[in-house]
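S.K.: pasting a predicted model and its sequence here:
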Amino acid sequence: MTAPQSTTLLVWYDRHHRELPWRISPDAAKRGVKPDPYYIWMSEVMLQQTTVAAVKAYFAKFISRWPTVKDLAEAPNEDVMAAWAGLGYYARARNLKKCAEAVASQHGGVFPDSEEGLRALPGIGDYTSAAVAAIAFNRPSAVMDGNVERVISRLFAIEAPLPGSKPQMKAKVAELTPTDRPGDFAQAMMDLGATICTPKRPACALCPFNDACVALATDEPERFPVKAAKKAKPVRLGAAFIAVDREGRLLLRKRVESGLLGGMTEVPTTDWTSRQDGETGVDAAPFPADWQPAGAISHVFTHFELRLSIFRVGPIDSPPGDHGFWVPVTELDGEALPTVMKKAIAAAIPTAFPTLKG
């Protein structure tokens, strides 16, 4: 692909760009409107391994509650985790808070404007630093997400499988990124992959690169990107315990800050991890009671599948001892409950989260 073809992509983007709440449109940019680095950073963190459709509501909620990075830095951790609940990959939420605190305390609430400066912040890696540098500060950074990988792999018919081919793909993106409007170029590549160069049945006839695409010339664009064979995910087992007292309150507790689902709220469960099973029987309940089986749920994490046996008891008098804290079932939406815990609750109390299935 040549520089004129990069220009062709930008012309396409000017006409067909997606309207996104964190994005400055090409027309607004031409009038001198600048992107808000806080908006760009937050959206990029949220979008990692999550769809645009899912992120929009969360982005709006966060910006409404914490309009600036300093506001987010000063927010209680529990509030941030609760607002993030359901978006998944909870280490991102912890890093979001840590990064906001670093920007507020070390940089006066102003984001660094280079890849190097951004990468030095907590939770910001190569992709996010490149995306924020390009989109927020118009730096000629090579930005490559899953959509861009798909476009590049087809454009050049890259036969080497992912993830090993990522450096080769990024080098191609770097070659193509123009010094003029690199942020718009990055967003144009993302939009092209999301709307035209889709995984299945790409709309090649509408693609601004259709005269240069090697995969299209060989009539096999869907074969790219080539991916290494996936390993089967291990299955881990455990149990979860749903206790409701006579006041209609559910027993919850907080997970430790580090590790999987760190800092989130949970119902009592056994000691399962991504590497080992937990106990699966009623003998592992947090206190003696007339626990009854309430089905089972499964939940797929990035590296493993979790299957939990569910037990329920109640209504009961609150048992003695420190077992956690009690929250009205009608107020669970205000808690930092990850989806797997909502599934466990819904298995025993279907009215709590009626749209969830195990």
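M.R.: The structure has been received and is ready for your questions. Residues are numbered from 1 along each chain as shown.
S.K.: can we go C-alpha only for contacts and neighbour counts from here?
M.R.: Fine.
S.K.: return stretch 55-73 as PDB; C-alpha atoms alone will do.
M.R.: Extracted in PDB, the C-alpha atoms of stretch 55-73 (Å, rounded to 0.1, in the frame of the first residue of the first chain):
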ATOM      1  CA  VAL A  55     -18.500  -0.100  26.500                       C
ATOM      2  CA  LYS A  56     -20.700   2.900  25.600                       C
ATOM      3  CA  ALA A  57     -23.000   2.700  28.700                       C
ATOM      4  CA  TYR A  58     -20.000   2.100  31.000                       C
ATOM      5  CA  PHE A  59     -18.100   5.000  29.500                       C
ATOM      6  CA  ALA A  60     -21.100   7.300  30.000                       C
ATOM      7  CA  LYS A  61     -21.500   6.200  33.600                       C
ATOM      8  CA  PHE A  62     -17.900   6.800  34.400                       C
ATOM      9  CA  ILE A  63     -17.700  10.200  32.800                       C
ATOM     10  CA  SER A  64     -20.900  11.300  34.500                       C
ATOM     11  CA  ARG A  65     -19.700  10.300  37.900                       C
ATOM     12  CA  TRP A  66     -16.000  11.300  37.400                       C
ATOM     13  CA  PRO A  67     -15.800  14.000  34.800                       C
ATOM     14  CA  THR A  68     -12.000  14.400  35.100                       C
ATOM     15  CA  VAL A  69      -9.000  12.200  35.900                       C
ATOM     16  CA  LYS A  70      -8.600  14.000  39.200                       C
ATOM     17  CA  ASP A  71     -12.200  13.100  40.100                       C
ATOM     18  CA  LEU A  72     -11.500   9.400  39.300                       C
ATOM     19  CA  ALA A  73      -8.300   9.500  41.300                       C
END
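S.K.: OK, contacts around the closest residue to residue 35 other than its chain neighbours?
M.R.: Setting aside the residues directly before and after it, residue 35 is nearest to residue 136 in space (CA to CA, 6 or more residues apart in numbering), at 5.3 Å. The contact partners of residue 136, taken as CA atoms under 8 Å, 6 or more residues apart in numbering, are 34-37, 40, 113, 183.
S.K.: between these, identify the one with the most neighbours.
M.R.: Greatest neighbour count in these, by other CA atoms under 10 Å, goes to residue 183: 26 neighbours.
S.K.: list the contacts of it.
M.R.: 131, 134-140.
S.K.: and the helix ranked longest in the chain, what does it pack against?
M.R.: In the chain, taking DSSP state H as the definition, the longest helix is helix 91-106. Helix 91-106 sits against helix 37-47, helix 69-74, helix 77-84, with contacts defined as 3 or more CA pairs under 8 Å, 6 or more residues apart in numbering; DSSP states H and E.
S.K.: need the next SSE after that helix, C-terminal direction.
M.R.: helix 115-119 (DSSP states H and E).
S.K.: list the buried residues for the helix or strand that that next one is followed by?
M.R.: Remark: after helix 115-119, the chain's next helix or strand is helix 126-137, criterion DSSP H and E. For helix 126-137, a neighbour-count test (16 or more other CA atoms under 10 Å) marks 127-137 as buried.
S.K.: where does this structure have its least confident helix or strand?
M.R.: Least confident helix or strand, the chain: helix 3-16 with a mean of 89, by mean pLDDT, DSSP states H and E.
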